[in-house]
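J.: what shape does this take:
(2 chains)
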Amino acid sequence: MLVYSIHRLLIMIPTLLAISVIVFIIIQLPPGDYLSTYIAELQSQGEAVNADKIAFLREQYGLDRPLIEQYFRWVFGLLQGDLGYSFEFNLPVNQVIGDRMLLTFVVSFATVLFTYIVAFPIGAYSATHQYSWGDYGLTFLGFLGLATPSFLLALVLLYFANVMFGTSIGGLMDPELIDQPWGWEKILSVLEHLWVPVIVIGTSGTAGMARRLRANLLDELQKQYVVTGRAKGLPPGRLLLKYPMRMALNPFIADIGTLLPAMLSGAAIVSVVLSLPTNGPMLLSALRSQDMYLAGSFLMIEACLIVVGVFVSDMALAVLDPRIRFHGGQSR
Amino acid sequence: MNRPKPPAAPGLAHYVSPAPFDAGASEAMSAELEHYYLASQWRMMWWKFRRHRLAVISGAILALLYGSVLISEFLAPYELHTRNTDFIYAPPQPIHFFHEGRFVGPFVYGYNYNLNLENLRREYTEDTTRVQPIGFFCAGDSYEFWGLIPGNLHLMCPAPGGTLFLMGTDRLGRDLMSRMSYGARISLTIGIVGITISFLLGIVLGGLAGYYGGWVDHAVQRTIEIIRSFPELPLWMALSAALPVSWSPILIYFGITLILGLIDWTGLARAVRSKLLALREEDFATAAVLMGASPRRVIGRHLLPSFMSHLIASATLSIPAMILGETALSFLGLGLRPPVTSWGVLLTEAQNINVVALYPWLLLPCAPVIVAVLAFNFFGDGLRDAADPYK
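T.: Numbers count the residues shown, from 1 in each chain, chains lettered A, B, ... in the order given. All right, here's what the predicted structure looks like:
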C-alpha cells in the first residue's frame, strides 16, 4: 500500500510539470508580451506610465529574458506560491483569486457530494427495479439531464425564478455581505445560496453516474454469488449492499477522474450565467482582456485540483479494492 | 426412455423407407434461417439497430436536421441579415387556420405596434382585421445559395406587405426562425468536422500505442492523462481566446473546430488502444504478421475493420460534446463571432436575464441544441448496441 501510494505520488510530478509547460505556452500564446500591451493600453487611455514599476515588473518576471528562463522563473514562483501579476487588477494574482478559489472549492466539493448522494440511490433503485415505471421515469430524466447543457438549465431556471418570484437567484451570498469579512453570517448566506448552482452544475454528472451505476449493478446482480446468497436466505437489502454494491462501487470512485473536470467545466460557464463569485467570470474577463497570468493561474490551479482529485480517488480505490492494493496495479 | 423394446412380431417384414437418404437433412436450415446466417456483418447490424425504436427515430430526426442544413436558404422565410426595423423584439406570431369561423388556411394576423411610453416597452398586439396568409414556394428575400447561386425561392414567405415571424425577432428586428435555420448549418457541421479531426488523431495515436506498446504506448498514455487533467471548457476558452482577432470568420471557424478536435481525441484513442491490445494477440493478426504484412497493413486492413463499428458508435456519442462546446464558447463570446451565425451566437443575445425576462423567445435556439444532442445520444446508443451483432 505504501509502495503503491509513493509510486502514485511520484507519477504526479512529471504530470504536473507537463501541465505547467502547457499552461505557460497558453500564457505566451497571445502576440506580444503583456507588459508592452499594458503600456500601450495605459498610454491610449492617457494615463501616465510608471516607469519604475514597469522596470520592476520586467525584472521580476524576467520578461526581457529568453522564454526558457521566463518559464523557470514562473515555475519557481509557483512553487513558492507566487502566481504572477494580474495586469488588469494591478495586483499580484494571489490577492485577486484568493476568495474566488475558496468559493470554487466549496461549490465543487458540494457538487461532488450532491452527485454521489443523489446518484447512488437512483442508480440502485433503477437497477433493482429494472423495467419498472420508476426505472423508465428515472432513465428518461437522466437522458434529459445529460442532454441539457448546464448553462441552458441555469438560464431557464433564472428565467422561471424571475417570472414566478420576481427575484434573481444568481450570486452566492446576499449582496450586502459581499465586501464583508468572513463570519458565520456570511457562511450561512453562502450555504443558503449554494443549492441552485450545485443542482445546475451537478445534474449532468448525476445523470451520467446514476446510469453507469445502474449498468454496473445490473451486470453484478445476474452473477451466481447473488443467486447463492438469495438461496441461502439473506435479506434482500443486506444482500444488495454487502456484495453486488461493493463490486459496482469501483467505477463509481474511479469516476472522479472524469467527474471533476466535467464539473469544473460546467462550473466555469454556469457561474458566468448565474454571476457567481467563483473562477468562471474572472477567467472569462481575464481571457477577454488577455490578462494571461491570471487566466493561466486559474487553469493551473484547476488542473492541479483534478490531478489531486484523481490521486485521492486512486487511493480510495486501493483501500476499497484488495486487487489493486496487493498488486499495486493501475486502476484505470 | 428406458422402457424395454417390445419384441418384434414374427413374420412382419423389416420396414425400409423408399425415400432417398439425405445425410445433411438434420443440419439443413429453413430459407429464413439461411438468410440470417448468410447475412453480412453490416446487414446484421442494421437488423439489430432497427429493433432500437428510439434510435431509429433519432436517426430520422438527425437526417432531417442535416438535410435542412443543405437548403437553409430555401427553408428560411427571410435572409440571415434582413432587418425589419419596424418590428424590433416582436414576439412570435401564432399560426391560425380559421378567420371568423371560416377556414382560410394557415395565416397570421398582422401586428399593431405601440410604444408604451410609461415603461418604454414595445408592445405588439394582433390586429384581427389584417389576415396575412402564408405563401408557399414563393419569391422572397434574394439570397445566394451556398454563397454561389443567386435565388429567391422560399418554402414559406410572408404575405405581400405582411410579416411572418413564427419565432419572433431580435434586437435588430431579424427573424429568429430564419437565423436559427442558418445557424444550424454552422452548429451541426462543427460537430462533424471536429469529430473527423479527433477521429483521425484518435485512430493514429491510439493505433500506434496499442500496436507497438512499449515506450510509444507510454508516451501516448501520459499525453492523454495530461490532457485529461485539464477541465475541458476552460482549456477550450483559453485556446480560442488566443485565436488572433485579425482572422477571418472562416478561419476562426476552422480554428475552433481544430481546438475542439485536438482536445477531444483522448477518449477515442483509449478505446482504439485497448481494442488493439486485445486484438493483436488474435491468430489472424499473427498470421498476417507472419505473412509479411507491414504494420500499416496489419492495423489498417486486419485490425481496424474488426472494431470500426464500435469506433463509429463512440464517435457518434462524442459529437454532442462538440456541439455543446461550440455553443458554450460562442455563448461566452469566445467562439464564433457575428456575422457567422450559430445557435450559440444566437444565444449570446439571451445572456442578460433582464432581456430574457422581457423577450423569452430569445431562448428558443436552446431547443434545437437540446433536440440535436438528445438525438445524437439515442442514435449513438443504438449504434453501440448494434455494433456487435454477434452477441
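
J.: write out the residues of the stretch 101-250 of chain A neighbouring chain B.
T.: A:143-144, A:146-149, A:151-152, A:155-156, A:158-159, A:162-163, A:168, A:170 (CB under 8 Å from any CB of the partner chain). C-betas here are computed from N, CA, C, even on glycine.

J.: now residue 77, what's its secondary structure?
T.: The chain I'm using is chain A. helix (DSSP: H, G, I helix; E, B strand; the rest coil).

J.: I was after chain B.
T.: Assignment for residue B:77 (three-state DSSP): coil.

J.: again with residue B:144
T.: strand.

J.: who touches it in this structure?
T.: B:73, B:150, B:151 (CB atoms under 8 Å, 6 or more residues apart in numbering or on different chains).

J.: also residue A:30?
T.: A:37, A:290, A:292, B:241, B:242.

J.: for the residue nearest the centre of chain A, which non-adjacent residue is spatially closest?
T.: Central residue of chain A (CA atoms, centre = their mean): residue A:264, 3.2 Å from the mean position. Among residues not flanking residue A:264 along the chain, residue B:231 sits closest, at 3.7 Å (CB to CB, 6 or more residues apart in numbering or on different chains).

J.: count of residues packed around that neighbour?
T.: The number of residues packed near residue B:231 is 25, by other CB atoms under 10 Å in any protein chain shown.

J.: which residues does the closest residue to chain B within the stretch 1-150 of chain A contact?
T.: When scored by CB to the nearest CB, the stretch 1-150 of chain A has residue A:29 as its residue closest to chain B, at 3.7 Å. Counting by CB under 8 Å, 6+ apart, residue A:29 makes contact with A:292, B:239, B:242.

J.: repeat that with 10 Å
T.: Residue A:29 makes contact with A:290, A:292, A:296, B:238, B:239, B:241, B:242, B:243, B:244 under the criterion CB atoms under 10 Å, 6 or more residues apart in numbering or on different chains.

J.: buried only: go through the residues you listed for me.
T.: A:290, A:292, A:296, B:238, B:239, B:241, B:242, B:243 (16 or more other CB atoms under 10 Å in any protein chain shown).

J.: any idea how far residue B:203 is from residue B:300?
T.: From residue B:300 over to residue B:203 the distance is 9 Å, taken as CB to CB, to the nearest Å.

J.: for the two, indicate the residue with more neighbours.
T.: Between residue B:300 and residue B:203, residue B:203 has the larger neighbour count (other CB under 10 Å), namely 22 against 14.

J.: wait, the more buried one touches residue B:270, no?
T.: No: with contact defined as CB atoms under 10 Å, residue B:203 does not count as touching residue B:270 (11.9 Å).

J.: any idea which helix or strand comes after the helix or strand of chain B with the lowest mean pLDDT?
T.: Lowest on mean pLDDT, DSSP states H and E among the helices and strands of chain B sits helix B:31-38, with a mean of 74. Later in the chain than helix B:31-38, the nearest helix or strand by DSSP states H and E is helix B:41-51.

J.: helix, strand, or coil at residue B:155?
T.: Per three-state DSSP, residue B:155 ends up strand.

J.: okay, now it: neighbour count?
T.: For residue B:155, using other CB under 10 Å, the count is 16.

J.: residues in contact with it?
T.: Here residue B:155 is in contact with B:71, B:74, B:75, B:76, B:77, B:134, B:135, B:136, B:137, B:138, B:140, B:181 (criterion: CB under 10 Å, 6+ apart).

J.: so what's the last one closest to, chain neighbours aside?
T.: Distance criterion CB to CB, 6+ apart; nearest residue to residue B:181, sequence neighbours excluded, is residue B:76 at 4.1 Å.

J.: for the one you found, list the residues it contacts.
T.: Per CB under 10 Å, 6+ apart, neighbours of residue B:76: B:68, B:82, B:140-141, B:143, B:154-157, B:175, B:177-182, B:184.

J.: need phi/psi at it.
T.: Residue B:76 adopts backbone torsions of phi -80, psi 130, taken as degrees, to the nearest 10.

J.: flag the shaky bits of the chain, pLDDT-wise.
T.: As the question left the chain open, I've gone with chain A. Residue ranges of chain A with pLDDT under 70: A:31-38, A:41-42, A:46-49, A:60-64, A:165-182, A:324-332.

J.: my bad, chain B
T.: B:1-12, B:25-29, B:388-391.

J.: for it, which strand is longest?
T.: Ranked by number of residues, the top strand in chain B under DSSP state E is strand B:102-116.

J.: what's the first helix or strand after that strand?
T.: Taking DSSP H and E, what comes next after strand B:102-116 is strand B:121-133.

J.: so what does that following strand touch, helix or strand wise?
T.: strand B:96-99, strand B:102-116 (3 or more CB pairs under 10 Å, 6 or more residues apart in numbering or on different chains; DSSP states H and E).

J.: try it again with 7 Å
T.: In terms of contacts (3 or more CB pairs under 7 Å, 6 or more residues apart in numbering or on different chains; DSSP states H and E), strand B:121-133 is packed against strand B:102-116.

J.: show me which of the contacts of residue B:76 are buried.
T.: For the contacts of residue B:76, buried by 16+ other CB under 10 Å: B:68, B:82, B:140-141, B:143, B:154-157, B:175, B:177-182, B:184.

J.: just those residues: which are in helices?
T.: B:68, B:177, B:178, B:179, B:180, B:181, B:182, B:184 (DSSP state H).

J.: farthest-separated two in the residues you listed?
T.: Spatial extent of those (CB to CB) is set by the pair B:68 and B:179 at 13.7 Å.

J.: need the overlap of contacts for the two.
T.: Residues touching both residue B:68 and residue B:179 (CB atoms under 7 Å, 6 or more residues apart in numbering or on different chains): none.

J.: one step back: out of the contacts of residue B:155, who's nearest residue A:197?
T.: residue B:181 (33.7 Å).

J.: need the residues of chain B near chain A, please.
T.: Along chain B, the residues adjacent to chain A under the rule CB under 7 Å from any CB of the partner chain are B:225-226, B:228-235, B:237-239, B:241-242, B:324, B:327-328, B:331-332, B:334, B:350, B:353, B:356-357, B:360, B:363, B:366, B:369-370, B:373-374, B:377.
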